[in-house]
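S.K.: this is the structure alone, sequence omitted:
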């Protein structure tokens, strides 16, 4: 990533480490020498104070004092000499006393002012920073008077501090480079351990924005990132559940809206169809009743004809209303379905006998194909209604050879009844609609025998109440309507 946290943290930490190293180098270069000189000056003063105090008590010649003085001077790199007022050397830290005395005197009395800097000057002592003209070496020199009248001379070389500063700075540079590289590697590894879970959380959140809730945080531990990952997992599960519930609710709402729209359309269609079906008989009844009232034809035969028309149209209206009530009860579940075991062939034969007169009037032949008694579980009365509707339709629509064939076909758990009649086929696009209320394939033919387009709707409703199938198919020379009934012993239907 261009703006990766790993890069930023690594760069910041490398900058801090490098800056710290550079700051240490700068401090060493600018302040270490001054600090060293001040430290050396303090060491000279401490040594002088020790000698000065011992001179008060007259113990400068004691062995114990001399050992302590030599030890301190040796550890601090200090050369010293105590001389009397007549320049007699009383104590010295070097073997060549005369040469050291000469050097001291030269530094004190003959040093070039340009090479000498007075650092501190009191009544008891003076401290100078000077350079040895012969050796070209810088020294700190302290000379002062003791209580017993003797003089003490001390010096310490300061040239070594410059070399020490150079060595320290070079060493610090080497160590600094190594530490910067080492810290860069360590910081990169550590930050990757921190940012990898964050990147994982970022990927999870990205997938959550796309409604993908399969990704889960896999980190372990009890730190803040693991806690955040655990909460992200809980959030993902909650969002998935909530969105699922919302989708379900939205789907149910769509279904309800569709059902409401469908019901509204069905209501409008139903009102339109009922109005259409009732309009013609009502008009006929009204017309013929007015004719009777106005005595248009006074003869007995005409009045009987008018009355027959009125009664016939009234019967059609009555049949329509009864069928509508029956269909409404079936669709609403208000009519109880009583399952019982009965011989299907007996019911078929009963309907065949009941429609014999209608077949004779239409000159239609009928044949039943069955092997013997077939017992089924269903509502016997409603099964008779289905058969009556099928056979009545077959009689009215039979043409050509005017044949009707009823076939009983047993299967493993069901028995299928097929009613075939010769005649014109149903257009394939309309087969799915023949079960709709008031739907008529041949409106002229239906009107001719007084049908109202509800019979097959009642058949469909009855079969739905049985939880069985029904249907229709075209044959080469006619149409077959079929339905199935349960033939197995099922206690749930008794």
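M.R.: Thanks, I have the structure now. If you're wondering where the values come from, they're calculated on a predicted model, not measured in any experiment.

S.K.: what helix or strand is the residue positioned nearest the centre of the chain located in?
M.R.: In the chain, the C-alpha nearest the mean C-alpha coordinate belongs to residue 208, at 2.7 Å (Cα atoms, centre = their mean). Taking DSSP states H and E as the criterion, the element that holds residue 208 is helix 159-209.

S.K.: tell me how far the helix or strand in which residue 341 is found is from the chain's mean position?
M.R.: Of the helices and strands defined by DSSP H and E, residue 341 is found in strand 340-343. Put simply, strand 340-343 sits 58 Å off its chain's centre (Cα atoms, centre = their mean, to the nearest Å).

S.K.: which strands or helices does the helix holding residue 208 pack on?
M.R.: Packing partners of helix 159-209 (3 or more Cβ pairs under 8 Å, 6 or more residues apart in numbering; DSSP states H and E): helix 5-27, helix 33-56, helix 224-293. (Glycine included, C-beta is placed from N, CA and C.)

S.K.: could you dump these into CSV with distance to residue 482 added?
M.R.: Converted to CSV, those look like this (distance: least, Cβ to Cβ, whole Å):
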stretch, distance to residue 482
helix 5-27, 73
helix 33-56, 114
helix 224-293, 26
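
S.K.: for the residue nearest to the centre of the chain, what are its contacts?
M.R.: Contacts for residue 208 (Cβ atoms under 8 Å, 6 or more residues apart in numbering) come out as 215, 235, 236, 239.

S.K.: of these - the most surrounded one?
M.R.: For these, neighbours were counted using other Cβ atoms under 10 Å, and residue 236 has the most, 20 neighbours in all.

S.K.: so who does that residue touch?
M.R.: Contacts of residue 236 (Cβ under 8 Å, 6+ apart): 204, 208, 213, 215, 216.

S.K.: my read: the first one touches residue 232, true?
M.R.: In this case it means residue 204. Yes: assessed by Cβ atoms under 8 Å, residue 204 is found in contact with residue 232 at 5.8 Å.

S.K.: what about those two, which has more around it?
M.R.: residue 204 (21 against 18).

S.K.: got the contact list for that one?
M.R.: By Cβ under 8 Å, 6+ apart, the contact list for residue 204 reads 215, 216, 217, 232, 236.

S.K.: related to what we said a few turns ago, for the helix or strand that the strand holding residue 341 is followed by, which helices and strands make contact with it?
M.R.: Once strand 340-343 ends, the next helix or strand along the chain (criterion: DSSP H and E) is helix 344-354. For helix 344-354, the packing partners by 3+ Cβ pairs under 8 Å, 6+ apart come out as strand 365-369, helix 380-397, strand 403-410, strand 414-422.

S.K.: bridged to residue 376, which residues?
M.R.: residue 342 (DSSP bridges).

S.K.: now it: how far from residue 384?
M.R.: Noted for residue 376: a distance of 12 Å to residue 384, by Cβ to Cβ, to the nearest Å.

S.K.: okay, these two: which has more neighbours?
M.R.: residue 376 (26 against 15).
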